[in-house]
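S.K.: Starting from these lines, generate the structure:
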Amino acid sequence: MKQIDVCLTPDLLHLHTIENTIVVVADVFRATSCMVTAFAYGVNSIIPVATVEECRQWQERGYLAAAERNAKKVDGFELDNSPFTYMDQRIRGANVAMTTTNGTLAITRSRSAVKVLVGSFLNLDAIVRYLKTEGYDVMVLCAGWKGRVNLEDTLFAGALVERLKDSYAMAEDSAIMAWRLYSEGKSNLMTYMANASHIRRLQRLGIQKDIPYCLQHNLYDVVPVLRGNALVKMNA
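M.R.: Sure, this is the predicted structure:
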């Protein structure tokens with residue numbers, strides 16, 4: 001039977017073997033939610049990079065560029081890390097370079113996997129449908145916060161485990177933990193996450209509207225996949 005595993009932070013990725021695995025990267029607040037939204041609104045490709053310097057190099061080559069650090073937009077770039085920014089006509093057909101504090105780093109660290117997919121609550125069932133057609137093991141890589149575990153990405157991992165547990169065996173305790181957390185909180189994620197560290201961080205910055213948006217389930221039938229150095233829409 002295929003297995004599903006959860007890596008709670010990229011700093012633990014070295015403990016896993018991913019060469020024969022599909023990795024689903026989740027950075028719910030807000031990088032992967034932005035990426036899914038961008039593809040739903042017609043972006044052509046997104047190049048995820050680990051550093052601001054790399055992002056600036058792509059910007060100099062004519063790409064729209066998005067840079068975020070510590071939940072704030074970096075000066076000198078066109079786009080930020082709010083999904084509402086990507087509901088804009090200027091991104092339709094565009095190629096975007098993006099760097100974020102956690103999400104793009106997690107994606108770049110996953111390159112040795114069979115495939116790297118971008119997951120969020122916004123495209124949860126689209127990810128599930130795709131994975132059920134594949135024969136590989138799955139690992140959910142939670143982007144976390146600067147190497148630390150966070151609640152929102154762990155809850156997404158649990159939601160994915162819940163939907164796949166009849167097709168995949170839970171490989172390790174982290175998958176069981178994530179599933180049980182989601183089972184406990186799924187009836188009202190906003191209330192369950194009220195004191196989560198990144199929610200408090202976003203609230204301090206006045207970015208409250210992104211929170212309920214990113215916790216919505218299945219707004220988009222979109223599966224971004226990494227091909228070479230760029231994310232593209234599956235089957236595009």
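S.K.: Which secondary structure element of this protein has the lowest mean pLDDT?
M.R.: The weakest-scoring helix or strand in the chain, judged by mean pLDDT, DSSP states H and E, is helix 197-204 (a mean of 87).
S.K.: Report the distance from that helix to the chain centre.
M.R.: 18 Å (C-alpha atoms, centre = their mean, to the nearest Å).
S.K.: packing partners for it?
M.R.: Applying 3 or more C-beta pairs under 8 Å, 6 or more residues apart in numbering; DSSP states H and E, one finds that helix 197-204 contacts helix 151-164, helix 210-214. From N, CA and C alone the C-beta is placed, and that goes for glycine too.
S.K.: Most tightly packed of these?
M.R.: helix 151-164 (a mean of 25; mean count of other C-beta atoms under 10 Å).
S.K.: picking that back up, quick one: residues in contact with the least confident helix or strand of the chain.
M.R.: Where contact means C-beta atoms under 8 Å, 6 or more residues apart in numbering, the residues beyond helix 197-204 that reach it are 29, 71, 145, 150-152, 193, 208, 210-211.
S.K.: can you rerun that using 7 Å?
M.R.: 29, 71, 145, 150, 152, 193, 208, 210-211 (C-beta atoms under 7 Å, 6 or more residues apart in numbering).
S.K.: Output those residues as TSV; include the columns distance to Glu60 and pLDDT.
M.R.: Shown next, in TSV, are the contacts of helix 197-204 (distance: C-beta to C-beta, whole Å; pLDDT from 0 to 100):
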residue	distance to Glu60	pLDDT
Phe29	29	94
Ala71	25	86
Trp145	30	93
Asn150	33	96
Glu152	33	96
Met193	39	92
Gln208	34	88
Asp210	29	93
Ile211	34	93
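S.K.: Now distance to Pro48 too, for those residues, in CSV please.
M.R.: Output for the contacts of helix 197-204, formatted as CSV (distance: C-beta to C-beta, whole Å):
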residue, distance to Pro48
Phe29, 16
Ala71, 17
Trp145, 17
Asn150, 19
Glu152, 19
Met193, 25
Gln208, 26
Asp210, 19
Ile211, 23
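S.K.: hmm, back to that, tell me which of the helices and strands packed on helix 197-204 approaches Val225 most closely.
M.R.: helix 151-164 (15.8 Å; C-beta to C-beta).
S.K.: same for that closest one, what does it pack against?
M.R.: For helix 151-164, the contact count by 3 or more C-beta pairs under 7 Å, 6 or more residues apart in numbering; DSSP states H and E identifies strand 2-7, strand 21-26, helix 124-131, strand 137-142, helix 173-185 as packing neighbours.
S.K.: pLDDT weak spots in the protein?
M.R.: 236 (pLDDT under 70).
S.K.: Name the nearest residue to Ala196, ignoring sequence neighbours.
M.R.: Take Ala196 and drop its neighbours on the chain: the residue closest to it by C-beta to C-beta, 6 or more residues apart in numbering is Leu151, 4.4 Å away.
S.K.: Once you drop chain neighbours, what's closest to Asn102?
M.R.: Asn102 sits nearest to Ala143 (C-beta to C-beta, 6+ apart), 4.0 Å away.
S.K.: what's the neighbour count on the one you found?
M.R.: 27 (other C-beta atoms under 10 Å).
S.K.: swap in Asn229?
M.R.: For Asn229, the count of nearby residues is 13 (other C-beta under 10 Å).
S.K.: Now Met98: which helix or strand?
M.R.: strand 95-99 (DSSP states H and E).
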